[in-house]
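Novice: Give me a model of this one.
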Amino acid sequence: ALLIQDDRVVRAIAVSTGKPSTPTPPGDYRVYAKIPRWWSTPFREWLPWALPFVGGIAFHEFAVVPVYPASHGCVRQSFAVARQTYDFAEVGMPVKVIATS
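Specialist: Numbering: from 1, shown residues only. From the prediction side, this is the model:
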């Protein structure tokens, strides 16, 4: 994922997006909340530093961030970067999800 400010990439972060059966939906969205500790009802676990941008799909911290798509649609980030992404983000900022196929 690329963090962009004033049309400049300020950081590239490693993420894991939705697996083929539950892809991260491509499109143009906006961060609609900043939730330091979001409860995932379907998966019964806390998702730290959540930045939801469409429905229940968000950027968030997760313990396992493989180099391939593995989530149920969310954008997983490691502990090392999730708080920085959270601090960088603002409610209303654009999120563009680009399909790879």
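Novice: For this protein, which segments count as helices?
Specialist: 79-88 (DSSP state H).
Novice: which ones are touching the spatially most central residue of the chain?
Specialist: What sits nearest the mean C-alpha location of the chain, by CA atoms, centre = their mean, is residue 59, with 1.8 Å. Counting by CB atoms under 8 Å, 6 or more residues apart in numbering, residue 59 makes contact with 1, 15, 49-51, 53, 74-75, 77, 82, 85-86, 89, 95. From N, CA and C alone the C-beta is placed, and that goes for glycine too.
Novice: Let me know the closest of these to residue 21.
Specialist: Distance to residue 21, by CB to CB, is smallest for residue 74 among these, at 13.9 Å.
Novice: That closest one against residue 54, yeah?
Specialist: No. Residue 74 is beyond contact range of residue 54, at 10.2 Å (criterion: CB atoms under 8 Å).
Novice: Looking at those two now, which is surrounded by more residues?
Specialist: residue 74 (25 against 17; other CB atoms under 10 Å).
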